[in-house]
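**Student:** Here is my input, please return the structure:
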Amino acid sequence: MAEAGTGVGKSFAYLLPAMYFALANKEKVIISTATITLQQQLFEKDIPLVSSAMGDVKLKSVIMKGRGNYLCMRRLNDALAEPSLFDLDFDELSGIYNWSKVTKTGEKTELEKNSSEAVWPNVCSESDLCLGTHCPWKEQCFINAMRKEANSANIIVVNHHLLFADLAARFQGAGYENSVVLPPFSRLIIDEAHRMESAATSFFSAEFSKTGLFRQLGRLYHKKRAAHFGLIVKLCAMIVSIDDPLDDIADIIAKIKTCSEELDECALDICGQEGIYRLCGASDESFLKRTLFPHLKSLRRNLLELTNIIRDITENFDEEQANEPIVWEVKSIMRRFEGIAEICDVFCKYKKHEDEVLWMEKNRKWIVFTRTPLDLAPKLRDSVFKVNKTVICVSATLAINEDFGFWANQCGITGIDDRQTLSGCFPSPFPYSSAVLLASPDDAPLPDETGYQDFVNIAAEKLISASGGSALVLFTSYQSLENAYNAAKTGLQSLGIHCLKQGDDDRSRLLQIFLNEETSCLFATDSFWEGVDAPGDTLRLVIICRLPFRTPGDPLLEARREKIEKEGGNPFLELSLPQAVMKFKQGFGRLMRRSADRGVVAVLDGRLLKKAYGKLFLQSLPETMTSFCSLNNNIRDIENFIYK
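**Tutor:** Here you go, the predicted structure:
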């Protein structure tokens, strides 16, 4: 485990020995990152640079991204054959088809014109819709070509999403000796390792929603006027029988849609204004039995009835029919339906699943039903650390006051007694003590006190005015962001400062506008606390409006807090506080991206100076200049610092 501050050169620190080792021992080394941006940087810049420094070496590196980034030729041709089935733009499909003839990788980023969100999900590769060796397009498959390249590579650069797709499959029974998503490996480097737990969570979890279910049902059967379309129509055409089961199947699909609609409406009512509901020991079981459970059971019953009918049909096919691509695709959708049926069953038996967190949450206009492990550490311990000979975890934020205990415990490293574990903190060489001013007003109210939001609104506008823009304003809630943005916008724009707000545009476009305009300011929430690289005068001021404690309503956080409390621990000190400190370090780290950068980090949360635990936040930062006084004096100090 290594925490390496910005500018240390952690990529080169692990690349050089990893590349030497891979060549000398003829072993693959997997390097995983949280973001495609770092993935591209490693593959296109860092690895070639280290390779040239090593001299004339024959080292092969490849980059692998998630399936969703690659075109599936079978799905594209299916969509072209029946565009009405998917309600897709035929001209856009034709453009993708023409591109497919010339692309070597099939990667979405190569498309001259970005594919719309309506079309690409219907033509990209998906794991549970992949027909593998049964696919008629296997010789032209871009995923197969990518994997073939990876099989002969020394260094494979992946992202956490792909890594945990592979590790979860191996952990759940695919084994560690053969290729799964990735070729077999035992040497692993995880960069941006602070994101590892959140990336792994999705692969050890399961969820479904009405929209996802309807999408699969639409692939199976779709009626337009008097015409019938879909995979089931083709499947029934293969049956050598007097009785055609199409009408019966269509009826069951209609029942499933009705059940799903009714379940969604019921769940929306239960979630209410908060938009979220967790099933736990405190839940009113009799209420759930009267309202939610009948709908879950009905959906489960109809889904299993459909899967049983399809199974009866396919089991009577001869070997040639059974190997038809259409049969494999229908079977893959049935496996999805069986997974949804299992989630329905688990929700109805929630009291028997104390080791899982089960909740319903509103997403736009529908509900998502989710099950996830309460404690991910054992799964990470067994799937990542115990099975690999070498695992290197690096990030700019892994430790709290140089202690790795919290992160190591969350990720399952604690408790591995038979393996040598090394750790170290390597501070940034950047001149924080002279180049950064940490400011916090000692007259700031606490967040739960009257007038806190008004104080944030006034302070944000004054601070941004003092810096002349070039500011990133970080919030923990979108409501607070909206409030501060609306209060400050008119005054700031009268000074020629362009105000940007998360949600007004796509994240990447919003960030690009911010980077191109030195006098702009960006009001943002969660996703901008990390991954923003704005060197020089583009960013001179970072405002952290509130210490980033996670929202109390988060079901996973609440369940883990209850578990700690039940075991006699202190959930605030053992979970909430360490999580907030790690996030705080990420926000602070947005400022200094190059050694020549200078600027201010202003924290508007009174708890930083007034609460005892505020010292832990301060101790986790590099040494800086400070301004801990009234807001007006903060502004004076900031102006003197920026313009001296």
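**Student:** Reduced to three states, what does the most centrally placed residue in the chain come out as?
**Tutor:** Against the mean C-alpha coordinate of the chain, by CA atoms, centre = their mean, the closest residue is Ala199 at 5.8 Å. Assigned by DSSP: H, G, I helix; E, B strand; the rest coil, the conformation of Ala199 is helix.
**Student:** which non-adjacent residue is nearest it?
**Tutor:** Of all residues not flanking Ala199 in the chain, His160 sits nearest, at 3.5 Å (CB to CB, 6 or more residues apart in numbering). Bear in mind the C-beta positions are built from the backbone N, C-alpha and C, glycine included.
**Student:** so what's that neighbour scoring on pLDDT?
**Tutor:** As predicted, His160 sits at a pLDDT of 93.
**Student:** Who are the contact partners of it?
**Tutor:** 32-34, 190, 192, 195-196, 199-200 (CB atoms under 8 Å, 6 or more residues apart in numbering).
**Student:** between the residues you listed, which has the most around it?
**Tutor:** Of all the contacts of His160, the highest neighbour tally under other CB atoms under 10 Å goes to Ser32, namely 29 neighbours.
**Student:** so how far is the helix or strand containing that residue from its chain's centroid?
**Tutor:** Taking DSSP states H and E as the criterion, Ser32 maps to strand 29-33. Centroid separation for strand 29-33 versus its chain: 17 Å, with CA atoms, centre = their mean, to the nearest Å.
**Student:** got it, and stretch 397-406?
**Tutor:** 22 Å.
**Student:** Can you report how many residues neighbour Phe229?
**Tutor:** When counting by other CB under 10 Å, one arrives at 18 neighbours for Phe229.
**Student:** Quick check: phi and psi at it.
**Tutor:** The phi/psi pair for Phe229 (degrees, to the nearest 10) reads phi -130, psi 170.
**Student:** The longest helix seen in the chain packs against which elements?
**Tutor:** If you go by DSSP state H, the chain has its longest helix at helix 246-271. Judged by 3 or more CB pairs under 8 Å, 6 or more residues apart in numbering; DSSP states H and E, the packing partners of helix 246-271 are helix 210-220, helix 231-237, strand 276-279, helix 292-315, strand 356-363, strand 366-373.
**Student:** switch to 6 Å and redo it
**Tutor:** Using 3 or more CB pairs under 6 Å, 6 or more residues apart in numbering; DSSP states H and E, the elements in contact with helix 246-271 are helix 210-220, helix 292-315, strand 356-363, strand 366-373.
**Student:** got those as CSV, with mean neighbour count columns?
**Tutor:** Output for the helices and strands packed on helix 246-271, formatted as CSV (neighbours: other CB atoms under 10 Å):
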stretch, mean neighbour count
helix 210-220, 18
helix 292-315, 18
strand 356-363, 20
strand 366-373, 20
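**Student:** Quick check: which of the ones you listed is nearest to Tyr478?
**Tutor:** Nearest to Tyr478, of all the helices and strands packed on helix 246-271, is strand 356-363, at 14.5 Å by CB to CB.
**Student:** That closest one pairs with which strands, parallel or anti?
**Tutor:** Strand 356-363 pairs in its sheet with strand 276-279 (antiparallel), strand 366-373 (antiparallel), by DSSP bridges.
**Student:** Now render those as JSON lines, adding mean pLDDT and distance to Ala206.
**Tutor:** Below are the strands paired with strand 356-363 laid out as JSON lines (pLDDT from 0 to 100; distance: least, CB to CB, whole Å):
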{"stretch": "strand 276-279", "mean pLDDT": "96", "distance to Ala206": "15"}
{"stretch": "strand 366-373", "mean pLDDT": "96", "distance to Ala206": "5"}
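**Student:** Show me where the stretch 301-450 of the chain has its strands.
**Tutor:** Using DSSP state E, counting those that start in this stretch, the strands found in the stretch 301-450 of the chain span residues 356-363, 366-373, 390-395, 424-426, 436-441.
**Student:** Determine which two of the contacts of His160 are furthest apart.
**Tutor:** Among the contacts of His160, Thr33 and Ala200 lie farthest apart (CB to CB), at 14.4 Å.
**Student:** Quick check, pLDDT for Val327.
**Tutor:** According to the prediction, Val327 has pLDDT 87.
**Student:** oh sorry, the question was meant for Asp554
**Tutor:** 89.
**Student:** what does Asp91 give?
**Tutor:** Asp91 is assigned a pLDDT of 79 by the prediction.
**Student:** cool, the one 10 residues further on as well?
**Tutor:** Among the per-residue scores, Lys101 holds a pLDDT of 90.
**Student:** separation between the spatially closest residue to Glu449 that is not a sequence neighbour and Asp443?
**Tutor:** Setting aside the residues directly before and after it, Glu449 is nearest to Gly606 in space (CB to CB, 6+ apart), at 7.7 Å. Separation of Gly606 from Asp443 (CB to CB, to the nearest Å) stands at 8 Å.
**Student:** between these two, who's got more neighbours?
**Tutor:** Using other CB under 10 Å, the more surrounded residue of Gly606 and Asp443 is Gly606, with 23 against 14.
**Student:** Now the more buried one: phi and psi?
**Tutor:** Dihedral pair for Gly606: phi -60, psi -20, per degrees, to the nearest 10.
**Student:** check contacts around it.
**Tutor:** When contacts are counted by CB atoms under 6 Å, 6 or more residues apart in numbering, Gly606 touches 444-446.
**Student:** hang on, the earlier thing: give the buried residues for the longest helix of the chain.
**Tutor:** For helix 246-271, a neighbour-count test (16 or more other CB atoms under 10 Å) marks 246, 249-250, 252-253, 255-257, 259-260, 263-264, 266-268, 270-271 as buried.
**Student:** hang on, the earlier thing: which of the strands of the stretch 301-450 of the chain sits closest to Gly212?
**Tutor:** Among the strands of the stretch 301-450 of the chain, strand 366-373 comes nearest to Gly212, with 8.6 Å by CB to CB.
**Student:** if we can go back for a sec, Serialize the strands of the stretch 301-450 of the chain to TSV and add fields for distance to Asn77.
**Tutor:** Below are the strands of the stretch 301-450 of the chain laid out as TSV (distance: least, CB to CB, whole Å):
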stretch	distance to Asn77
strand 356-363	32
strand 366-373	31
strand 390-395	41
strand 424-426	52
strand 436-441	56
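**Student:** gap between Tyr613 and Pro578?
**Tutor:** Taking CB to CB, one finds Tyr613 at 11 Å from Pro578.
**Student:** Those two: who's more crowded?
**Tutor:** Shown here are Tyr613 and Pro578; by other CB under 10 Å, Pro578 has more neighbours (20 against 15).
**Student:** Might you report the residue contacts of that one?
**Tutor:** 400, 406.
**Student:** just the angle between whichever strand or helix holds it and strand 436-441, please?
**Tutor:** In the assignment (DSSP H and E), Pro578 maps to helix 577-588. Relative orientation of helix 577-588 versus strand 436-441 (axes from the mean of the first three to the mean of the last three CA atoms, to 10 degrees): 120 degrees.
**Student:** immediately after helix 577-588, which helix or strand?
**Tutor:** strand 599-603.
**Student:** Strand partners (parallel or antiparallel) of that following strand?
**Tutor:** Looking at strand 599-603 with DSSP bridges, its partner strands are strand 436-441 (parallel), strand 541-544 (parallel).
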